Every structure is written in C-alpha cells, then in structure tokens.
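In: quick one, what's the 3D model for this:
(one chain, ligands or ions: 2)
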Amino acid sequence: MDLILKGGWIVNENGRERADIAIAGETVAAIAAPGALDDLSAAETVDVTGLHLVPGAIDMHVHFREPGYTHKEDWETGTRAAAMGGVTTVFEMPNTHPPTRSVKELRQKQDCAKKACVDFGIYGLMAEDNVDELEALAAAGANAFKCFMGNTFGNLPSPSTGAMLEGFEIAAKTGLRVSLHAETASIMAWRQAKLEAAGLDEPLHHIAARPEIVAIEAVARAAALAEWTGARIHVLHISSAGELRPLAEAKARGVDVTGETCPCYLFLSTEDYPRLGSVIRVNPPVREPKDAAGIWDALMSGVVDMIATDHAPHTPEEKRNPRIWDADCGFPGVETQMPLMLTEVAAGRMTLEHYVKISSANPARAFGMWPMKGRIAVGAHADIACLDLARREVIAAERLHSRGKITPFEGRETVGAPIHTLVRGAFVQRDRKMVEGMAGHGRQVTDIQRMPAPAPRNEDQSLAAILSGAAGTAAAPKAEDAA
Ligand code: NCD
Ligand code: ZN
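Out: Ligands and ions are numbered 1, 2, ... in the order given. Predicted coordinates for the structure are as follows:
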C-alpha cells in the first residue's frame, strides 16, 4: 500500500462509518474497521482521527481564464484554489480568449491545463458559428458542451434557437451533456439599452435588466429542445425561484436535465446590494430573499441536483466600477464553496451525507464520472477531502489562492474546512497548506467518463438526416411520393 488513512469517519451520500482506508496508486484498495488494516505495510500512514473523509467536491462550473485573461487567473492559480477548497475535479468553461470553439482551441486549452494540480474536464463551446465543429470537439475529448443563451463575460454571441436545435441534435448523438447559461439574450439587451438610455446605472439596475423571466423563458425553451432531440442538458447557476418550475416540469416529463446553484444565490440577496455595490454583480444576478429560500428548498428536495461555484475571478479595478454596466460580472468561489456549505451542515440545515450528494455524487453521475469519482469506495479514485467540521475560519481575499481575489463573502465566518485534499491518492493540500510541486498532477477525466448516447428522438427530422437524404417521408417527401 502507498498510504493508509487511519481513524477517520468515511462519509458517502448514503451514510457514514468509522473506518481505515488503504490506498494503492490512484485508487482505494481497502476500507476496513478501525485497526483492521494495521498489519498491511504502507509507505505512509496518516492519523486522521477526528476528521470526516468525504469524496472531493466536483465543481462543474469554473472559469480559469487561460488562455487569454491570465491577469485574472490561470490553470495553476485556479487549481491551487480548488485544492485548498477540497475540490478534486473541475469542469472549465470555454469563454477564454480564444474561446474553446474547435479542436485547435481545445488542444491549446489542454496545453494550458498541463499545470493543473486537480483533475479536470474541458467544455467545448456550442455557438451559432461552430455547429459544424461539435462532433469533432467531442471526438477530440471535450467533456461537455457549454451554450451561452445569454451574454456574459467574454461577450460570446448567443446562438439563435435554430442553431441551438441543430447543436442539440448533434450533442444527443455524442451523448455529452450541454450546460446552459440559461438567460435569454434578446430580453436582456432590450432592457439594458432602455435602462442605460434613461441614465439608470445603480447596482440594482443589473437585476432590472435581467428579471427572472429571462431565466424562466430560457429554461423552458432549452427543456423543449432537449425533449425534442433527446439531448442531455444542465442548467447552470440557478438564481431564481421562478425557473425551478420549468426545471421540475421538464424532469417530470422525463427530460434528462440536471440543475446547479452556487453559494451566492443561497447566501446573498437584494439586501446585500447596498453594502457590496458592484462587487455583487454576477450573471445571472443575485435576487430576492424569496429566491434564495426557494432554491434552498429545491436543493434539499432534489429539483436542484448540485452545488457548483461559477468561479469567475476579476481584478479589483474590473469589479469596482462606478457605473454598474462597466463592472465585470462574477467572483471567485472554488476555494470558499466547501467552508460556506459546511457552515450550514454545522448549523444543522443539511446532513453531511446530503452535502456529499450535491457536491460530488450527483455531478459525478450527471457527467459520466461515476463510479470512478463521486464516492469513497474500493476501486474508485482516491479523491478525498479530510474535513475538520469544527474549524473556524474567516474568508479574506488576502488568503485566497486565486489571482482575482475580490469576493462578496469577504469577512464571513465559516465553520468546517478541508484540512487535507487528495487527488488520486496524492496530497495536493495538507494541513491547510498547498503541497508544492503538484502542478501537472491533475488529469483530464476523458479516460473515465462514460456518456453513452441517449435513445434518439425525432432523429428522422434532424437537419443531418434531411440533408443526407436519409429522412423519412414526413420530414422530406421524396419525388415518387409526391408523384
Ligand atoms: C462569468 C465569467 O466571468 O466568466 N461571469 C458571471 O457573472 N457568472 C460568466 C458566466 O458564467 O456567466
Ligand atoms: Zn454563466
């Protein structure tokens, strides 16, 4: 054995046990009653008495900014922040410069990611002008697709519904899930132009430009396209109570749709805008207290499947702009998600098992990494966060490992933190400090991801079928039928 972790509590989504763990290479080799592994020889034994060992968090939504915006973040700083936050796998977004829109840019991003110290997936962009690249992106190892239905940082143009439908037809064939920035661009552009023309530029006007109908409309439309094509979809950063209804209805109809929310939508609200000013600006916006309450309920009931962070660092100058329309949207989160959520576990709001489900097991299943990730079990990757559930810390920019540090959670006290983080059997964070020399340990999850194509729906009416002449009569009458 390479490593034995002795004396801790092992917590999975369905329960906990006091047990020792033996790790051989990258995977868990044995889990046994306390003391039962004492006769095994191991290169190292670490006493984790008093700690709770959970599967490392899997964050489906981070922006690591490289290539193109490395003054905000890069793959090394971003994955160091992840390691400090107990996050062992991240999926990274394509709104870099250049955007990850074809195999060429995917290769460029894989090159940047060679510095990663935690495991990762890479999103390929699904846009208006790269529909013809999607199959090649999937074949070249993109782990999922990202579709910006609404404009946000990077200003990538949103695809028309026509392009989205064809994109979904192609995505369904690849099996990969399509993650959606579900806000409708045309509504927002229309309203922001009118607000700006009227000289309205206060922080709360950001919500006025993006009322919850933008999310309700986008989720409902995306769900209809997914239902029609059979494509799997994922609703990113759920911000409103309103969009929970089309999400729940789509699930009830059997659409393969998952949803995530982020700490800012659970812990912040309109009440924080006066205090935080432009720092709180994020897309979609932080909304009313009733929205936070509705999202909490949905996270507990399973309508919202997982917690992610939308880790989106910017510089202080980019964030602190007097005109709200000029302040960059988003803030870092990959390092603070776990302490923030564990604080709620300490307060009795959710069990640690439920936290494991929403932070690790559900994302692993939705994106095809189960059974190698998302659980602590024999044969699975030894991706483990060792938690001190009583540890008190205060979130402070100066202690964050991201390059862009400015956070709306500055000064917040948290209870519970990852003391060590292991990625495939190796410590990347130990005793609340980075383990140096681990850049390059992180690996793309392509080798363990299993996303078989879903059952086809309305395939005979897809553009590919019609244009290749394979479509049935209903979609494209043949000459002899017409005669
Ligand atoms: C993100 C960013 O800065 O890349 N910003 C944000 O406000 N959430 C983009 C995004 O996820 O919308
Ligand atoms: Zn987004």
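In: what is the helix ranked longest in the chain packed up against?
Out: Longest helix in the chain, counting residues (DSSP state H): helix 213-229. In terms of contacts (3 or more Cβ pairs under 8 Å, 6 or more residues apart in numbering; DSSP states H and E), helix 213-229 is packed against helix 161-174, strand 178-181, helix 185-197, strand 233-235, helix 244-252. For glycine as for every other residue, the C-beta is placed from the backbone atoms N, C-alpha and C.
In: just the residues contacting the last one, thanks.
Out: Right, helix 244-252. 216, 219-220, 223, 226-227, 235, 238, 257, 259, 294-295, 298, 303-304 (Cβ atoms under 8 Å, 6 or more residues apart in numbering).
In: so residue 334 versus ligand 1, what's the distance?
Out: As judged by Cβ to the nearest ligand atom, to the nearest Å, residue 334 and ligand 1 stand 13 Å apart.
In: how many other residues sit next to that residue?
Out: By other Cβ atoms under 10 Å, the residues close to residue 334 number 34.
In: and the nearest residue to it once chain neighbours are set aside, what is it in contact with?
Out: Among residues not flanking residue 334 along the chain, residue 311 sits closest, at 4.1 Å (Cβ to Cβ, 6 or more residues apart in numbering). Applying Cβ under 8 Å, 6+ apart to residue 311 gives the contacts 59, 61-64, 78, 81, 90, 332-334, 402.
In: mind redoing it with 6 Å?
Out: Taking Cβ atoms under 6 Å, 6 or more residues apart in numbering, we find residue 311 in contact with 62, 332-334.
In: same check, this time on residue 232
Out: By Cβ under 6 Å, 6+ apart, the contact list for residue 232 reads 177, 256.
In: also residue 57?
Out: Residue 57 neighbours (Cβ under 6 Å, 6+ apart): 86-87, 338, 359-360.
In: which among the contacts of helix 244-252 end up buried?
Out: Taking 16 or more other Cβ atoms under 10 Å as the criterion, what is buried in those is 216, 219-220, 223, 226-227, 235, 238, 257, 259, 294-295, 298, 303-304.
In: neighbours of the closest residue to residue 223 other than its chain neighbours, how many?
Out: Distances taken as Cβ to Cβ, 6+ apart put residue 250 closest to residue 223, at 3.7 Å, once the chain neighbours are dropped. By other Cβ under 10 Å, the residues close to residue 250 number 22.
In: distance of residue 250 relative to ligand 1?
Out: Here the distance between residue 250 and ligand 1 works out to 21 Å (Cβ to the nearest ligand atom).
In: residues near the closest residue to ligand 1 within the stretch 1-150 of the chain, how many?
Out: Per Cβ to the nearest ligand atom, residue 63 is where the stretch 1-150 of the chain lies closest to ligand 1, at 4.0 Å. As a burial measure, residue 63 scores 29 neighbours (other Cβ under 10 Å).
In: that one reaches residue 312, doesn't it?
Out: Yes. Shown here, residue 63 and residue 312 form a contact pair, counting by Cβ atoms under 6 Å, at 4.8 Å.
In: output the strand or helix carrying residue 147 as CSV - backbone C-alpha positions only.
Out: Per DSSP states H and E, residue 147 falls inside strand 144-148. The C-alpha coordinates for strand 144-148 follow below in CSV (Å, rounded to 0.1, in the frame of the first residue of the first chain):
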residue,chain,number,x,y,z
ALA,A,144,-19.3,18.5,-22.2
PHE,A,145,-20.7,21.5,-24.2
LYS,A,146,-21.4,25.0,-23.0
CYS,A,147,-24.1,27.1,-24.6
PHE,A,148,-24.4,30.8,-23.7
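In: show me what that strand is packed up against.
Out: strand 119-125, strand 178-181 (3 or more Cβ pairs under 6 Å, 6 or more residues apart in numbering; DSSP states H and E).
In: mind giving me the ChimeraX command for buried ones among the contacts of residue 57?
Out: Selection of the buried residues among the contacts of residue 57 in ChimeraX, burial being defined by 16+ other Cβ under 10 Å:
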select :86,87,338,359,360
